[in-house]
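A.B. asks: what follows is a predicted protein model with its sequence.
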Protein chains: 2
Amino acid sequence: MTTLLIADDHPLYRDALRGALSLSLPALTLSEAGDLTSTVDILNREDIDLLLLDLHMPGSNDLFGLIHIRKLFPDVPVAVVSGTEDTQLISKIMSAGALGFIPKTASSGDIANAVQAILDGDVWLPPNLSDSVDEIDEEFSELADNVASLTPSQYKVLCFMRDGLLNKQIGYNLDIAEATVKAHVTAIFKKLGINNRTQAVLIASQLELEPPATSDH
Amino acid sequence: MTTLLIADDHPLYRDALRGALSLSLPALTLSEAGDLTSTVDILNREDIDLLLLDLHMPGSNDLFGLIHIRKLFPDVPVAVVSGTEDTQLISKIMSAGALGFIPKTASSGDIANAVQAILDGDVWLPPNLSDSVDEIDEEFSELADNVASLTPSQYKVLCFMRDGLLNKQIGYNLDIAEATVKAHVTAIFKKLGINNRTQAVLIASQLELEPPATSDH
DNA sequence: CGCCAATTACGACTATAGTCGTATGCGACC
DNA sequence: GGTCGCATACGACTATAGTCGTAATTGGCG
């Protein structure tokens, strides 16, 4: 018995996915999550054979969340479900460790095929895009590895840095001394191979696709 | 006699544009530029009725370059030519003051129509996208105005900040004292309504679409 | 248990960022 | 020609960022 986890903040789209899968692949158990925290909870509790992950979930921070989950559960295959058609972005998604990319516009047949292929251990990309996305972005892959090597504390600090907070404010939020925040910041610099906060923020903003100021709609 | 300036770093695409336009609109004079500096030079020397601008030109920094040109030559209509299909991005382009958006996949007939419409004072968008892009992004429009209000020196400093340079390094590049760089930085903060370098870098990175590390190809 | 490695934590110190006041040059406009 | 506004320029000062050394804690592992 194989178990799928559908992680998408849109309940209607979860329903649609469930419908598309139950038709072609009846021998499945399905779980659902609406944000990154509950996704991690379920992955901790249950034995999941494949995660269908929407990048724009609350708390996910887009590629950040994918890297995060890949680090916590390296054995769980992940297929990213997204509305984007940007081949560069899809290339980044694959470089960050996804085993498949399913466009939100895909037919239920394609979706079922994709899920089956990934469950069989294959990599799956939409047919019309597989040409332009075949090679993974080495540079970005290394970047994703570096970000994945951050400890939980360092990860949180980097998230706050990306929001433009001062070390003092980060310390207040995490309830630690400013000196400790600075130590984390220095450790992040070393792991990412950089030497100041500006470069760290640039890297972090590459991993978050939605500009913070603009609404998703 | 109307004069067009084609600004695109790809000579072949300049040729293609010229061909598409000379067929339908023979009464045109055409100039060409391959990077932002020569584009500005030509706009200074010649009387241009319409600029066809590719965002990914060398030195352009994408939306940064559009805002820059809109500020230097507010009376010259600009139509952006780009390969993107991202409606959010197109909305930003229009909010930054472009009068039209021409996809690189457009047919020569559509291109000629678009050019004619903008020369007539209309706004032109690809037919299939005009629904989703009709409203301009107020927030982003204000941001573009703020960036446009930067003086030339401040603009240069912001570009260097976005590249992760220290104030000292920026001063060396511009041949001014570090104290002067700091004064510019403070002025930038006030104009953009922010109070530290991290937030400035985030804003600047929103205006540059290509991640610095990745090649365009 | 005892050991080691990694993480988290902090203080003291140095470097850089950012503020404020001020001076100079330059074009617009009476 | 005066003077007003603005961009540019810089120095002195304060705040924040970033480095280094060190200690307490935790989780494997023999």
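C.D. replies: Noted; the coordinates are in hand.
A.B. asks: how close does A:D8 sit to A:N113?
C.D. replies: When CB to CB, to the nearest Å is the yardstick, A:D8 and A:N113 sit 19 Å from each other. No exception for glycine: its C-beta is placed from N, CA and C like everyone else's.
A.B. asks: which of the two has more neighbours?
C.D. replies: A:D8 (25 against 17; other CB atoms under 10 Å in any protein chain shown).
A.B. asks: which ones are touching the closest residue to the more buried one other than its chain neighbours?
C.D. replies: Leaving out its chain neighbours, the residue that sits closest to A:D8 by CB to CB, 6 or more residues apart in numbering or on different chains is A:D54, at 3.9 Å. For A:D54, the contact set (CB atoms under 8 Å, 6 or more residues apart in numbering or on different chains) comprises A:A7, A:D8, A:D9, A:H10, A:Y13, A:S60, A:V80, A:V81, A:S82.
A.B. asks: tell me the secondary structure at the third one.
C.D. replies: In the three-state summary, A:D9 is assigned as coil, counting by DSSP: H, G, I helix; E, B strand; the rest coil.
A.B. asks: that one: neighbour count?
C.D. replies: By the other CB under 10 Å criterion, the neighbourhood of A:D9 contains 17 residues.
A.B. asks: ok, it touching A:G65?
C.D. replies: No - using CB atoms under 8 Å, A:D9 makes no contact with A:G65, being 11.5 Å away.
A.B. asks: so what's in contact with those two at the same time?
C.D. replies: Contact criterion CB under 8 Å, 6+ apart; residues shared by A:D9 and A:G65: A:M57.
A.B. asks: what about A:A183, which SS state?
C.D. replies: helix.
A.B. asks: the one 5 residues further on now?
C.D. replies: Local secondary structure at A:I188 is given as helix here, using three-state DSSP.
A.B. asks: pretty sure A:T180 belongs to a strand, no?
C.D. replies: No - with three-state DSSP as the criterion, A:T180 is helix rather than part of a strand.
A.B. asks: what is the neighbour count of it?
C.D. replies: A:T180 has 15 neighbours, counted by other CB under 10 Å.
A.B. asks: in which helix or strand does A:A79 reside?
C.D. replies: Assigned by DSSP states H and E, A:A79 falls within strand A:78-82.
A.B. asks: C-terminal to that strand, what's the next element?
C.D. replies: Following strand A:78-82 in sequence order, the next helix or strand is helix A:87-95 (DSSP H and E).
A.B. asks: nearest residue to A:G65 other than its sequence neighbours?
C.D. replies: The shortest distance from A:G65 to any non-neighbouring residue, by CB to CB, 6+ apart, is to A:L36 (5.1 Å).
A.B. asks: if I look at the closest residue to A:M57 other than its chain neighbours, how far off is A:R18?
C.D. replies: Spatially, and ignoring its direct neighbours in sequence, A:M57 is nearest to A:D9 (4.7 Å; CB to CB, 6+ apart). Plainly put, A:D9 is 15 Å away from A:R18 if you go by CB to CB.
A.B. asks: what's the answer for A:I176, then?
C.D. replies: As for A:I176, its distance to A:R18 is 42 Å (criterion: CB to CB).
A.B. asks: one more: A:E178?
C.D. replies: To A:R18, A:E178 is 47 Å away according to CB to CB.
A.B. asks: please apply the same query to A:F140.
C.D. replies: As judged by CB to CB, A:F140 and A:R18 stand 32 Å apart.
A.B. asks: assess the claim that A:S149 and A:K191 are in contact.
C.D. replies: Yes - between A:S149 and A:K191 there is a contact under CB under 8 Å: 5.5 Å.
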